[in-house]
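Q: For reference, the sequence and a predicted model appear below.
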Amino acid sequence: TAPVTLSPRAAEEVQKILTTKSIPEDYGLRVGVRGGGCSGMSYILGFDKLREHDITFNFDGIVLYIDKRQGLYLLGTMIDYHAGLDARGFVFNNPNATQTCGCGSSFAA
């Protein structure tokens, strides 16, 4: 079971990007975290090649790459897509986050 899931809206948006952009066939959707941001950690979301420490998951036909060293920080995370008048983009709903910042892209665990 993948530590991360995509909402139907997020999966639809990822599929749209895959079909309209020139994403290479051997790339998957990388989901991860890195140190930094106002709350201590920030999210990584983008298309990338498979790397040495990655675990591969298939979510509704979308290949996800998650570095196994980061999986605990992402366990149970739901990625949604918001397309409102005020903002548009992917939103991480992480149950492990003990603190988040106003920008929504940084958290503490």
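A: Cool, the structure landed.

Q: what's the distance between Pro95 and Thr5?
A: 12 Å (CB to CB, to the nearest Å). The way it works is simple: take the backbone N, C-alpha and C, and place the C-beta from them, glycine included.

Q: Could you list the buried residues of stretch 15-28?
A: 18, 28 (16 or more other CB atoms under 10 Å).

Q: Could you pull up the mean pLDDT of it?
A: In this model, stretch 15-28 has a mean pLDDT of 93.

Q: how long is it end to end?
A: Terminal residues of stretch 15-28 are spaced 11 Å apart (CA to CA, to the nearest Å).

Q: and the nearest residue to Val91 once chain neighbours are set aside, which of the three is it?
A: Excluding its sequence neighbours, the residue lying closest to Val91 (CB to CB, 6 or more residues apart in numbering) is Asp80, at 4.7 Å. Under DSSP: H, G, I helix; E, B strand; the rest coil, Asp80 falls in the strand class.

Q: Verify the stated contact: Asp80 with Arg88.
A: No - between Asp80 and Arg88 there is no contact under CB atoms under 8 Å: 12.0 Å.
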